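>>> Predicted coordinates and the sequence they were generated for:
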Amino acid sequence: MTAANDQPSVMIDELLPGSPLELSAASLNLDAVIDDPKTRIIVCCGAGGVGKTTTAAALALRAADHGRRVCVLTIDPARRLAQAMGLTELDNTPRPVKGVTGSGSLDAMMLDMKRTFDEVVESHSDPERAQQILENPFYQALSSSFAGTQEYMAMEKLSQLRAQADEDGRWDLIIVDTPPSRSALDFLDAPERLGSFLDGRFIRVLTAPARGASRGIGRLLGAGFGLFTGVLNKILGAQLLTDLGAFVAAVDTMFGGFRERAVATYELLQDPGTSFVVVAAPERDALREASFFVERLDDDNMPLAGLVLNRVAHSRAKDLTAEQAIVGAEHLGQDDDAQVTAALLRMHADRQRAVAMQERLAQRFSGAHPTVPIAQVLALPEDVHDLDGLRQVGYLLAADSKD
């Protein structure tokens, strides 16, 4: 214990960052995940703002440096991330990233939600019907802004990339950054939700006249159906109902396809060659969301690799508590050197308190999920802005492994 009137016996350089949190959880060996040739897909998921996109890009670069042929699919990345990979832009087309140091390769792309939806229409319709669908006002609104469309299209694009990889061998690993949804669970539910909407019974009844089924349903429902559609015309507007009917009439041959692909997507995500990496910050809300996601993956029998804990606070001086640092700072002299030391001690005290809080939150997560391994990424002093920065993140992702 340091006496109240003594300067703490700790060197200033010992106050510099260094150590991760002390956790009871097993360490997540991400190098083992990306080096395993049986791993074909890695899905990075978690709440918004926890670093999923950077984690996905860093894992992709590290895998490529290790010899894998990688495609990383990002969702709405910051411009700096595209620049970090040496690309002036990211779009719906995979673009090669230069600067891979190993024998592998890396392609990067950003999901274009509407273009991916257009590709689904074009691949499941003849040219004339596809054109009718693409020009329909209801389709244009649906493909751009319908709730869940981005999440659904992320899974559609994953399926497309996997099919291409199986066909031509261009990639042996696909890494997916999931959308920044309000809930980290949204992208798992989106395929079923959108499929249910598009081939659901209600929308069939709603648009029956446009699909030529009005005679049968009309006989079944009689005047009540006419009254029903009249009310809908007043609520939704005649033009919207007309556009909706024309859309469903044009897309009639695709009904059932969305649901079938939703089932196929779930099977792909449940495949042993897929690994989920849940990303979180050491904060209460982010870890609560991560906990929900881990439980959902377990319920759906989806393979979880582990948790990445991003932006972890750290300090080397474990033998100097926050209280001791504050006491020492208060009893230093008033000269400039003493005040500089006092400021560093107060910074250390703040950091130690942050570390203690983060450890409590992380231990609470581990207590609820004792079998989930954790990889920690220490907080960096600045944003990633080049490949070296991504490599540093990749190194930190793998550095905590004890295996």
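Arrived safely.

>>> rest of the way, CA atoms for contacts and neighbours
OK.

>>> and the end-to-end length of stretch 89-106?
Taking CA to CA, to the nearest Å, stretch 89-106 runs 15 Å from one end to the other.

>>> quick one: contacts for Gln150?
113, 179 (CA atoms under 8 Å, 6 or more residues apart in numbering).

>>> ok, it to Val33 distance?
For Gln150 relative to Val33 (CA to CA), the value is 27 Å.

>>> what's the answer for Ile42, then?
Distance from Ile42 to Val33, by CA to CA: 9 Å.

>>> Touching both of those two, which residues are there?
Joint contacts of Ile42 and Val33 (CA under 8 Å, 6+ apart) are Ser275.

>>> what mean pLDDT does the helix or strand hosting Gln392 have?
In the assignment (DSSP states H and E), Gln392 maps to helix 387-399. The predicted model assigns helix 387-399 a mean pLDDT of 90.

>>> Show me what counts as buried in stretch 122-138.
122, 125, 129-130, 133-134, 136-138 (16 or more other CA atoms under 10 Å).

>>> I'd say Leu345 and Glu330 touch.
No - counting by CA atoms under 8 Å, Leu345 stays clear of Glu330, with 9.6 Å between them.

>>> Compare those two and say which is more crowded by neighbours.
More neighbours surround Leu345 than the other of Leu345 and Glu330, with 25 against 15 (other CA atoms under 10 Å).

>>> Following the chain onward from the helix or strand hosting the more buried one, which element is next?
Leu345 belongs to helix 336-368 when elements are defined using DSSP H and E. Per DSSP H and E, the first helix or strand lying C-terminal to helix 336-368 is strand 374-378.

>>> Helix 387-399 and that next one, what's the angle between them?
140 degrees (axes from the mean of the first three to the mean of the last three CA atoms, to 10 degrees).

>>> residues in contact with strand 374-378?
Taking CA under 8 Å, 6+ apart as the rule, strand 374-378 contacts 20-21, 25-30, 306-314, 393, 396-398, 400-401.

>>> Same check on stretch 36-44?
Against stretch 36-44 from outside (CA under 8 Å, 6+ apart): 33, 52-53, 55-56, 172-178, 272-279.

>>> can you do 6 Å?
172-177, 273-278 (CA atoms under 6 Å, 6 or more residues apart in numbering).

>>> Can I get the residues you listed in a markdown table including distance to Gln160, pLDDT and neighbour count?
Below are the contacts of stretch 36-44 laid out as a markdown table (distance: CA to CA, whole Å; pLDDT from 0 to 100; neighbours: other CA atoms under 10 Å):
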| residue | distance to Gln160 | pLDDT | neighbour count |
| --- | --- | --- | --- |
| Asp172 | 14 | 97 | 19 |
| Leu173 | 13 | 98 | 29 |
| Ile174 | 11 | 97 | 25 |
| Ile175 | 13 | 96 | 26 |
| Val176 | 12 | 92 | 26 |
| Asp177 | 15 | 88 | 27 |
| Gly273 | 16 | 96 | 16 |
| Thr274 | 15 | 96 | 23 |
| Ser275 | 18 | 96 | 23 |
| Phe276 | 19 | 95 | 22 |
| Val277 | 21 | 96 | 26 |
| Val278 | 23 | 95 | 26 |
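
>>> Among those, which one sits closest to Ala354?
Val278 (22.2 Å; CA to CA).

>>> beta partners for the closest one?
Cys45, Leu307 (DSSP bridges).

>>> and it, what does it touch?
44-46, 307 are the contacts of Val278 under CA under 6 Å, 6+ apart.

>>> Name the member of the residues you listed with the most neighbours.
Gly46 (32 neighbours).

>>> any idea how far it lies from Val340?
Per CA to CA, Gly46 is found 40 Å from Val340.

>>> hang on, the earlier thing: which positions in the helix holding Leu345 come out as buried?
Result for helix 336-368 [16+ other CA under 10 Å]: buried residues 341-342, 344-363, 365-366.

>>> Give me the lowest-pLDDT entry from the buried residues of stretch 122-138.
Confidence by pLDDT is poorest for Phe138 among those, given 71.

>>> quick one on the thing from earlier: from the buried residues of stretch 122-138, which land in strands?
Assignment to strands by DSSP state E places none of the buried residues of stretch 122-138 there.

>>> Same list (these) but as JSON lines, adding distance to Thr74.
JSON lines is the format used below for these (distance: CA to CA, whole Å):
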{"residue": "Glu122", "distance to Thr74": "23"}
{"residue": "Ser125", "distance to Thr74": "28"}
{"residue": "Arg129", "distance to Thr74": "31"}
{"residue": "Ala130", "distance to Thr74": "27"}
{"residue": "Ile133", "distance to Thr74": "27"}
{"residue": "Leu134", "distance to Thr74": "25"}
{"residue": "Asn136", "distance to Thr74": "29"}
{"residue": "Pro137", "distance to Thr74": "28"}
{"residue": "Phe138", "distance to Thr74": "27"}
